[in-house]
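Participant: Everything below, folded, please.
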Amino acid sequence: MKIGIANDHRGYQLKTKLVEVLKNKYEVVDYGTKNEEKVDYPDYAFLLGEAVAQKKVDYGIAICGSGIGISIACNKVKGVLAAKVENVEDAKKTRMDNNANILCLSGTQKIEQAKEIVEVFLNTPFSSLDRHKRRIEKIHSYEEGSYVR
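Facilitator: Modelled structure (predicted):
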């Protein structure tokens, strides 16, 4: 499995720790930033989002100070379903019910919990229940401009 990861300056420390863990099990593509110099998270969110949407990576992990801003930016990329997650249950639900393809974390997340969240996210399959597929299809049809109420 190929995992893309991106961050802003406030997510750099957590990203660095996660990459060390992930590279033992997955192929990891680091979309930056590569240090703690102040940057704008949308620049990195868009790089990661495009990689996920174009299937250059299987899943993405995005990290900023709160996890919220980078999640908003990732979701602007057509084909991305990014979710800001705080715990293992959120990670499981966003994969099972929403088929999210980018996990967004706060840079203040403790590494041990972040590792658990990432593993659950990456290893939980989409449920494929009709109601969930229908809802996701509505999101995609809205992106395409073909949504009908």
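Participant: Identify the residues contacting the residue most central in space within the chain.
Facilitator: For the chain, the residue sitting closest to the mean C-alpha position, by Cα atoms, centre = their mean, is I102 at 2.1 Å. Taking Cβ atoms under 8 Å, 6 or more residues apart in numbering as the criterion, I102 is in contact with 48-49, 52, 59-62, 71, 74, 80-83. Backbone N, C-alpha and C define where each C-beta goes, glycine included.
Participant: Put the alpha carbons of the longest helix seen in the chain into CSV.
Facilitator: Of all the segments of type helix in the chain, defined by DSSP state H, the longest one is helix 130-144. Extracted in CSV, the C-alpha atoms of helix 130-144 (Å, rounded to 0.1, in the frame of the first residue of the first chain):
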residue,chain,number,x,y,z
ASP,A,130,-26.2,0.7,0.0
ARG,A,131,-27.1,3.7,2.2
HIS,A,132,-23.4,4.7,2.5
LYS,A,133,-22.7,4.2,-1.2
ARG,A,134,-25.8,6.3,-2.1
ARG,A,135,-24.7,9.2,0.1
ILE,A,136,-21.1,9.2,-1.2
GLU,A,137,-22.4,9.1,-4.8
LYS,A,138,-24.5,12.2,-4.0
ILE,A,139,-21.3,14.0,-2.9
HIS,A,140,-19.5,12.9,-6.1
SER,A,141,-22.5,13.9,-8.3
TYR,A,142,-22.5,17.3,-6.6
GLU,A,143,-18.8,17.7,-7.5
GLU,A,144,-19.6,16.9,-11.1
